[in-house]
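Enquirer: Output the structure for:
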Amino acid sequence: MTARIGVVTFPGSLDDRDAARAARIAGAEVVSLWHDDPDLHGVDAVVLPGGFSYGDYLRCGAIARFAPVMGTIAAGARAGLPVLGICNGFQILCEAHLLPGALTRNQHLHFRNRDQVLRIESAGTAWTNAYQPGQEILIPVKNGEGCYVADERTLDELEATGRVVARYLGGNPNGSLRDIAGISNEAGNVVGLMPHPEHAVEALTGPSLDGLGFFTSILKHLAGVPA
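Expert: Next up, the predicted model:
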């Protein structure tokens, strides 16, 4: 049976259609989820896309964290539902306390939009099992508040438990501590990633096809295929 991937649309979402397209290219059935509807309509996994949810007022993701759909997603995530937060979605996951730390203003105070080399540090999550540990990939990054911060104890714990999912190579675009580009929760079903894999799934529009692995990974995970 085809896996059903839900993609949430918040007011201000920009990349929901791109995330949906990437999931379709990977082979999933895509279900559109609305921020004001707590029903997940039987999806097997959820993507929180990039953009500026609720205009990024207060803090990025701070209002979206209280959306009706997020209550259901948070409960599902704690019960094992796979959730991928991309850029603004990563910010929402941190605001919802599904991931530790926070995303703050880029240290150089500029919006950064460029193709970025990442190193996959963990291939043991629901969203990265199609990669090899240490694999280098090229996908776009575009953010103004992408600087990942956490206290030293949290950073040490993320490192020690293999929860740093991806790290920036060839220059840190936003000042993230320890060059962290993405992290996971302890169970590996929730992943937050600042760069945009959904913009690297087609040769015509992306700098590579390297982002497709995030979407094929979740299909492997849902099918029970060993990493």
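Enquirer: Arg119: neighbouring residues, count only.
Expert: Using other CB atoms under 10 Å, Arg119 has 18 other residues around it. To be clear about C-beta, it is placed using only N, CA and C from the backbone, and glycine gets the same treatment.
Enquirer: correct me, but it touches Leu138?
Expert: No - between Arg119 and Leu138 there is no contact, the gap being 11.1 Å when judged by CB atoms under 8 Å.
Enquirer: contacting residues for Ser122?
Expert: For Ser122, the contact set (CB atoms under 8 Å, 6 or more residues apart in numbering) comprises 128, 133, 162-165, 184, 188.
Enquirer: same thing with Pro82?
Expert: 44-46, 126-127, 189-190, 218, 221-222.
Enquirer: Tell me the pLDDT of it.
Expert: Pro82 carries a pLDDT value of 98.
Enquirer: tell me the phi and psi of it?
Expert: Main-chain torsions, Pro82, degrees, to the nearest 10: phi -70, psi 130.
Enquirer: Please apply the same query to Ala200.
Expert: Backbone geometry at Ala200, expressed as degrees, to the nearest 10, gives phi -140, psi 60.
Enquirer: In strands, which of the contacts of Ser122 fall?
Expert: 164-165, 184 (DSSP state E).
Enquirer: Surely Glu145 is in contact with Cys60?
Expert: Yes - between Glu145 and Cys60 there is a contact under CB under 8 Å: 4.9 Å.
Enquirer: which residues do these two both contact?
Expert: Joint contacts of Glu145 and Cys60 (CB under 8 Å, 6+ apart) are 91, 103.
Enquirer: higher neighbour count, these two?
Expert: For Glu145 versus Cys60, neighbours defined as other CB under 10 Å are more numerous around Cys60 (28 against 20).
Enquirer: Look up the pLDDT of the more buried one for me, please.
Expert: Note on Cys60: pLDDT of 91.
Enquirer: Skipping its backbone neighbours, what lies nearest it in space?
Expert: Take Cys60 and drop its neighbours on the chain: the residue closest to it by CB to CB, 6 or more residues apart in numbering is Gln91, 4.2 Å away.
Enquirer: quick one: that neighbour from Glu121, how far?
Expert: Using CB to CB, to the nearest Å, one gets 20 Å for the distance from Gln91 to Glu121.
Enquirer: Who has more neighbours out of these two?
Expert: Taking neighbours as other CB under 10 Å, Gln91 and Glu121 compare with Gln91 leading, 31 against 24.
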